[in-house]
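Visitor: okay, predicted coordinates and the sequence, questions at the end:
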Amino acid sequence: MFNYINKFKLVGKTAFVVGGMGLIGVEVVKALADAEARVVVLDINENKIFNRENVKYEFFDATKLKDISLFVALMKEKYGSIDIWVNMFYPRTKDWAAKVEDLNLDSWRKNIDMHLNSYSWISREVALVMKKQRKGNIINFASIYGVTAPDFTIYDEGFTSPMAYSAIKGGIVNLTRYLSSYFGGYNIRINTICPGGIYDDQDKNFVKNYEKKVLLKRMGTPEDVAPTVLFLSSDASSYITGATIMVDGGWTTI
């Protein structure tokens, strides 16, 4: 008998999560592991959290663009298959949050290179491996600010949404659309998840102002986002590609 719950299981699949030691990444790894995938955490931060037989760790600095091709090939060779690949790392410079008036050109270029260019080149290299496999699934993380402009009224003096963030996240959204079109004929699905604001002990005034704009009247949690990765990774979403899925409590609705 057909069982819909089985569509969400990832038995026999190998999933790679770049940024799996991050705030949301940890929950994504748990979700994929709970669905019985073999999960490989790729991060620059050492694994001090996971002690599960089906969770492995590999050091990976995703900002080293020249090393990406070799690294992806090594992962394919070591683990046999790249079934699922999640890009959710979040590299940035120390002056990342500078106001438009205070932007430094070198810093701007570095952030674009570290973030947007890394996502782009990794997605390309992974998709080329999946093309040979004739199957695969890539999930890129963008943001609500990849599809809409920031509301600067919610920010206090000295705290803002950086210009580079919108450029990067908007680029990731359309990068995903492009690649999903290019590789769709090879049974490769590529989608984008755009989380809204995730609570992380931010300033109380910011949280209050932010939540006023959210239809559900609260900031998100990592546990709100992780199930969407599980859905897109599984056969439950087998006819979804090129999509941009908002996980934002309704922020972008109005």
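Guide: The structure has been received and is ready for your questions.
Visitor: quote the end-to-end distance of stretch 145-155.
Guide: Terminal residues of stretch 145-155 are spaced 14 Å apart (C-alpha to C-alpha, to the nearest Å).
Visitor: what about it, average pLDDT?
Guide: Mean per-residue pLDDT for stretch 145-155: 93.
Visitor: buried stuff in that stretch?
Guide: Judged by neighbour count using 16 or more other C-beta atoms under 10 Å, the buried positions of stretch 145-155 are 145-147, 150, 154-155. All C-beta atoms are positioned from the backbone trio N, CA, C, and that covers glycine.
Visitor: so of those residues, which ones are in helices?
Guide: In helices, judged by DSSP state H, none of these are found.
Visitor: could you export those as JSON lines, including distance to residue 32?
Guide: Putting those into JSON lines (distance: C-beta to C-beta, whole Å) gives the following:
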{"residue": "145", "distance to residue 32": "26"}
{"residue": "146", "distance to residue 32": "23"}
{"residue": "147", "distance to residue 32": "25"}
{"residue": "150", "distance to residue 32": "31"}
{"residue": "154", "distance to residue 32": "33"}
{"residue": "155", "distance to residue 32": "34"}
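Visitor: nearest to residue 220 among those residues?
Guide: residue 145 (13.9 Å; C-beta to C-beta).
Visitor: could you count how many residues lie near the closest residue to that closest one other than its chain neighbours?
Guide: Of all residues not flanking residue 145 in the chain, residue 166 sits nearest, at 5.0 Å (C-beta to C-beta, 6 or more residues apart in numbering). Neighbours of residue 166 under the rule other C-beta atoms under 10 Å: 17.
Visitor: secondary structure element holding residue 166?
Guide: Per DSSP states H and E: residue 166 is located in helix 163-183.
Visitor: distance check, residue 184 against residue 172.
Guide: 18 Å (C-beta to C-beta, to the nearest Å).
Visitor: who has more neighbours out of those two?
Guide: residue 172 (24 against 13).
Visitor: what's the local residue count around the nearest residue to the more buried one once chain neighbours are set aside?
Guide: Nearest non-adjacent residue to residue 172, counting by C-beta to C-beta, 6+ apart: residue 142, 4.3 Å away. Neighbour count of residue 142, defined by other C-beta under 10 Å: 26.
Visitor: pLDDT score for residue 142?
Guide: In this model, residue 142 carries a pLDDT of 98.
Visitor: out of the buried residues of stretch 145-155, who's nearest residue 210?
Guide: For those, the nearest to residue 210 is residue 154 (5.3 Å; C-beta to C-beta).
Visitor: contacts only, for the closest one.
Guide: Counting by C-beta atoms under 8 Å, 6 or more residues apart in numbering, residue 154 touches 206, 209-210, 212-213.
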